[in-house]
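**Student:** with the sequence up front, the predicted model follows.
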Protein chains: 2
Amino acid sequence: MTVTLDQRIRSDLESRIRSGDWAPGRRIPTERELMEQYHCARMTVGKAIGALVSEGLIERRKKAGSFVARPQVRTAVLEIPDIAAVILARGETYRFELIACRRLAADEDLDARFSDTGDRLAIDGVHIASDRPFAHEHRLISLDAAPGAADADFGERSPGSWLLDNVPWTVARHRITARQAGDLATALGATRATACLQVERWTWRQADPVTYVRQVFPGDRYDLVAEFSPRHGP
Amino acid sequence: MTVTLDQRIRSDLESRIRSGDWAPGRRIPTERELMEQYHCARMTVGKAIGALVSEGLIERRKKAGSFVARPQVRTAVLEIPDIAAVILARGETYRFELIACRRLAADEDLDARFSDTGDRLAIDGVHIASDRPFAHEHRLISLDAAPGAADADFGERSPGSWLLDNVPWTVARHRITARQAGDLATALGATRATACLQVERWTWRQADPVTYVRQVFPGDRYDLVAEFSPRHGP
DNA sequence: TCGAATATAATGTCTAGACATAAAAGCATT
DNA sequence: AATGCTTTTATGTCTAGACATTATATTCGA
C-alpha cells in the first residue's frame, strides 16, 4: 500500500509528538509553513492535522495556531474479551457445561438486575478450560429480543457466543467486583473463601434489554490485562 | 456553536446506522447521491463519511460503494479512574495516609515486577474515603524517571496524582485480579479472607519504566463500571 | 460455456482557490 | 492604567474541479 502525502505528514508530526521531541504545549508549525515544507495544498496538511486532533494529540486554536495537547489521563481502558476466545487463544480446549436451563414465564421470578418482564431463559453453566472449571456463568436472556434462543443448544456453544452471532445489540454496561466463591465453590472446584473476580454485563438493543450475565472467575485462574497509550487532551 | 454541513451529513448517517434503520452490510448512498441530496461538493460528503469510517461505523470499497460495517465486538472497554477523583466525585472526603516511604539504592531489593535497576522509591499507604480505608497502595517509583519524587510530600497528595501531574509517560499496562486481603487485612480494616480487587499498573516513558503500583480494594467497597456502545468493524 | 480483455462506476487523494470566524495583538481613546 | 476598537493572523469550512485506483460488470473471443 502506497503511503499518501497526508499520511506522511501525519506520521511525521505524530512521531515528533510521541517521541517527546515536541513537548506538550509546544506550538507546531502553521499550516502555511507545512504547505511550503511539503509543497502541497492547505487541505492536505489540514487533513493530517485534523486526524491528529481527533486522536487527541493536537489542539488547535484560531489565530494562535496548533499545539501539542497535554496528556491528561485519569482513566485507563481495559478490555474484557469473550471467554471462549481467550481460552482458545491460550491453546487450551474449551467447552461449556450446562447446569440448568429453564424458561421463565412473564412475571415469574423477576430479577431486579434485569428489567425484562416478558418470557426469559435462565441459564446456569460452567466454562471449562482443558477439563478444569474456568468460570461460572449465570445468564438471563429475553425471549422477546432473542426468540431463537429457546431452540439453541447451549451444550454445544456457550450462550455468550451464540448471542454475539445471533442477536444484534447496541449498548452494554459492565461491572467488575470481587467476591468469595461462596455457593459457587463446588461448581468452580474451589473453596468457599476463594477470592473471585465477578464480571456482570447488561446488554440492550436500543431501549430493550437483551441479556444479563454474571461470570465468576476464581482469582488465580483469570486476570484481565490491558495495554494502552494515553489519550491526549481532555 | 453552529453545525457545519459535514457534521450534519455525518450525524444523519450515524443516526440511521445506530438506530438500526440501515442494517449492517447495507449499502449507503453513493457520494454522488449524497452530493445531490445535500447540494454540496464531493469533498464535503467525503469528510463526513471518512469520519464515520475512522469510527468504524462504515466500510468503503472502491467501485462497490460504502457499507454499514458489521458490529464485531468480542471485547469490552472498561475505565479505571484515578482513585482520588472517584472518591471526590462521590462527595466523600479523600486523604492518603502514608505507611512507609523508603529509598532503595540501585540493585537493592529488586522486584521482578518492576525492571528498573536504578534508585527507586518504595511507598506504602492507604487511600482513605470519609475516614474509612478504601484501598491499599504499594508503589515503586524510578528516581531516574522522576527525580522530584524524592522531595515530594506524599502525606499531602497521593503519589498517583503527584506523578500524573509531574511525570510524563507514554505507555501503561493494567492487570486486574482477585485476591484475599491476607496481610493487608489490618490496613484495610477487613478480615484476611475478604475478597479484594487487585489492580496493578506499570507505566513507562518510552522504554524506561516510570512506576509500578499495586492497589487492593476490598470487594464490597469498590466496583468498576463501564458503559459503552460497540465498536463496529474489525 | 468459459475465460480474458475492456469498460465503468465508485472511492481515494489532491489542488488552488474562496469566504467565514475567532482570537490575539496593536492602537487609540478615555 | 484600563477600556474599547481595529487590524492581522491563523484556523474552519467549503467549492469545483482533476487524476489515480480498483473492484465490479460487460463484452468479446476461443
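**Tutor:** Received the coordinates, thanks.
**Student:** ok, which stretches of chain A are helices?
**Tutor:** Secondary structure of chain A by DSSP state H: the helices cover A:5-18, A:31-38, A:42-54, A:83-89, A:159-166, A:185-188.
**Student:** which one of those helices lies nearest to residue A:99?
**Tutor:** Relative to residue A:99, the nearest member of the helices of chain A by CB to CB is helix A:185-188, separated by 6.9 Å. From N, CA and C alone the C-beta is placed, and that goes for glycine too.
**Student:** tell me the mean pLDDT for the closest one?
**Tutor:** Computed over helix A:185-188, the mean pLDDT rounds to 94.
**Student:** elements contacting that helix?
**Tutor:** In terms of contacts (3 or more CB pairs under 8 Å, 6 or more residues apart in numbering or on different chains; DSSP states H and E), helix A:185-188 is packed against strand A:132-142.
**Student:** now render the helices of chain A as CSV, adding mean neighbour count and distance to residue A:201.
**Tutor:** Output for the helices of chain A, formatted as CSV (neighbours: other CB atoms under 10 Å in any protein chain shown; distance: least, CB to CB, whole Å):
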stretch, mean neighbour count, distance to residue A:201
helix A:5-18, 17, 34
helix A:31-38, 15, 45
helix A:42-54, 19, 29
helix A:83-89, 17, 11
helix A:159-166, 18, 9
helix A:185-188, 17, 19
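**Student:** JSON lines please, covering these and showing distance to residue B:113.
**Tutor:** Supplementary listing: those in JSON lines, determined by distance: least, CB to CB, whole Å:
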{"stretch": "helix A:5-18", "distance to residue B:113": "26"}
{"stretch": "helix A:31-38", "distance to residue B:113": "43"}
{"stretch": "helix A:42-54", "distance to residue B:113": "34"}
{"stretch": "helix A:83-89", "distance to residue B:113": "22"}
{"stretch": "helix A:159-166", "distance to residue B:113": "32"}
{"stretch": "helix A:185-188", "distance to residue B:113": "27"}
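**Student:** can you put those in CSV and add distance to DNA strand D?
**Tutor:** CSV is the format used below for the helices of chain A (distance: least, CB to the nearest atom of the strand, whole Å):
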stretch, distance to DNA strand D
helix A:5-18, 12
helix A:31-38, 3
helix A:42-54, 5
helix A:83-89, 28
helix A:159-166, 23
helix A:185-188, 48
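**Student:** ranges for the strands of chain A?
**Tutor:** Under the criterion DSSP state E, chain A contains strands at A:27-28, A:58-61, A:65-68, A:75-81, A:94-104, A:120-129, A:132-142, A:171-180, A:195-205, A:208-218, A:224-228.
**Student:** export those strands as CSV, with columns for distance to residue B:211.
**Tutor:** Formatted as CSV, those follow (distance: least, CB to CB, whole Å):
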stretch, distance to residue B:211
strand A:27-28, 29
strand A:58-61, 26
strand A:65-68, 23
strand A:75-81, 14
strand A:94-104, 36
strand A:120-129, 33
strand A:132-142, 31
strand A:171-180, 23
strand A:195-205, 24
strand A:208-218, 27
strand A:224-228, 16
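**Student:** out of the ones you listed, flag the one nearest DNA strand C.
**Tutor:** Distances from DNA strand C to each of the strands of chain A were compared using CB to the nearest atom of the strand; the shortest belongs to strand A:58-61, at 5.6 Å.
**Student:** picking up where we left off before, residue B:139: which of the helices of chain A is closest?
**Tutor:** Comparing the helices of chain A by CB to CB, helix A:5-18 comes nearest, at 25.5 Å.
**Student:** CA atoms only: put the closest one into CSV for me.
**Tutor:** In CSV, the C-alpha atoms belonging to helix A:5-18 read as follows (Å, rounded to 0.1, in the frame of the first residue of the first chain):
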residue,chain,number,x,y,z
LEU,A,5,1.1,12.5,1.4
ASP,A,6,-1.3,13.3,4.2
GLN,A,7,-0.4,10.1,5.9
ARG,A,8,3.3,11.0,5.7
ILE,A,9,2.7,14.5,7.1
ARG,A,10,0.6,12.9,9.8
SER,A,11,3.1,10.3,10.8
ASP,A,12,5.9,12.9,10.8
LEU,A,13,4.0,15.1,13.2
GLU,A,14,2.9,12.1,15.3
SER,A,15,6.4,10.8,15.8
ARG,A,16,7.7,14.2,16.8
ILE,A,17,5.0,14.3,19.4
ARG,A,18,5.2,10.8,20.7
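**Student:** right, is that helix up against chain B?
**Tutor:** Yes - with CB under 8 Å from any CB of the partner chain as the threshold, helix A:5-18 lies in contact with chain B, specifically through residue A:18.
**Student:** can you give the contact residues for that helix?
**Tutor:** Under the contact criterion CB atoms under 8 Å, 6 or more residues apart in numbering or on different chains, helix A:5-18 has outside partners A:21-22, A:28, A:34, A:38, A:40, A:44-45, A:47-49, A:51-52, A:57-58, A:68, A:229, B:170.
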